[in-house]
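Q: coords below, sequence missing:
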């Protein structure tokens, strides 16, 4: 396995494509490795971060007529975008989904989905076909802690990179001197990053609070 290190191994928004897989009601009912509310929050945050950095995002579901539509917290980020509905359990065997990814011309493939052990592990196939794969672990979830963790270990052994949504967003930003997306990213942090977002608002409050005349 080639070690993933060096500057070129870091995520770049201009080279990234995000695939969100099966964030649907049926799958959510048996999510047990993460608290469901947090899982929805993290997946929505990842989607919003991708939009902020103009990272192409592919949305795909499996038999949505029975399993339910993709969470509105995600689809509302991309109004009017087609959700690719599959019968294949393995997204990477679905020609339409794979063609949509290939059409972006990007090789840094970022994946999150439900469930980790079934719908995200097609990352292994993508790795074998030459894609640089990152799995966003906290925007994915399994039917048990064991299922989630074993799937992650299996994908690591195959060469996949593991990150959390906030780490992905920070790596896309890379430098706060890059101001073109900083405002959008800050808004995502405020909405979805809990303590970090609230701390940012507090910092802004303090910066805009006049110093009392009798201070010091």
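A: On my side now, so go ahead. The structure presented is a predicted model; accordingly, all values stated were derived computationally and were not measured.
Q: Need the single longest helix in this protein, by residues.
A: helix 36-52 (DSSP state H).
Q: Also compute the angle for the next helix or strand after that helix relative to helix 36-52, please.
A: On the C-terminal side of helix 36-52, the closest following helix or strand by DSSP states H and E is strand 57-62. Strand 57-62 and helix 36-52 are oriented at 140 degrees to each other (axes from the mean of the first three to the mean of the last three CA atoms, to 10 degrees).
Q: ranges for the strands of the chain?
A: 16-21, 57-62, 84-86, 108-113, 132-136, 161-163 (DSSP state E).
Q: Reformat the ones you listed as JSON lines; add mean neighbour count, mean pLDDT and distance to residue 174.
A: C-beta coordinates here come from the backbone N, C-alpha and C atoms, glycine included. Formatted as JSON lines, the strands of the chain follow (neighbours: other CB atoms under 10 Å; pLDDT from 0 to 100; distance: least, CB to CB, whole Å):
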{"stretch": "strand 16-21", "mean neighbour count": "26", "mean pLDDT": "98", "distance to residue 174": "12"}
{"stretch": "strand 57-62", "mean neighbour count": "23", "mean pLDDT": "98", "distance to residue 174": "19"}
{"stretch": "strand 84-86", "mean neighbour count": "20", "mean pLDDT": "98", "distance to residue 174": "30"}
{"stretch": "strand 108-113", "mean neighbour count": "26", "mean pLDDT": "98", "distance to residue 174": "14"}
{"stretch": "strand 132-136", "mean neighbour count": "24", "mean pLDDT": "97", "distance to residue 174": "15"}
{"stretch": "strand 161-163", "mean neighbour count": "18", "mean pLDDT": "97", "distance to residue 174": "14"}
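Q: Select, out of the ones you listed, the one closest to residue 153.
A: Closest approach to residue 153 among those (CB to CB): strand 161-163, 9.7 Å.
Q: for the closest one, the distance to its chain's centre please.
A: 11 Å (CA atoms, centre = their mean, to the nearest Å).
Q: got any ranges where this protein has weak pLDDT?
A: Scanning the chain for pLDDT under 70 picks out 1-3, 211-216.
Q: Show me the residue sitting in the middle of it in space.
A: residue 46 (4.0 Å; CA atoms, centre = their mean).
Q: Give me the neighbour count for the closest residue to it other than its chain neighbours.
A: Distances taken as CB to CB, 6 or more residues apart in numbering place residue 165 nearest to residue 46, at 4.2 Å, with adjacent residues excluded. Neighbours of residue 165 under the rule other CB atoms under 10 Å: 27.
Q: Report the separation between residue 165 and residue 67.
A: To residue 67, residue 165 is 23 Å away according to CB to CB, to the nearest Å.
Q: tell me which residues in stretch 123-131 are buried?
A: 123-127, 131 (16 or more other CB atoms under 10 Å).
Q: so where do the helices sit in the protein?
A: 25-28, 36-52, 64-67, 72-75, 95-103, 123-128, 145-158, 165-173, 182-192, 195-207.
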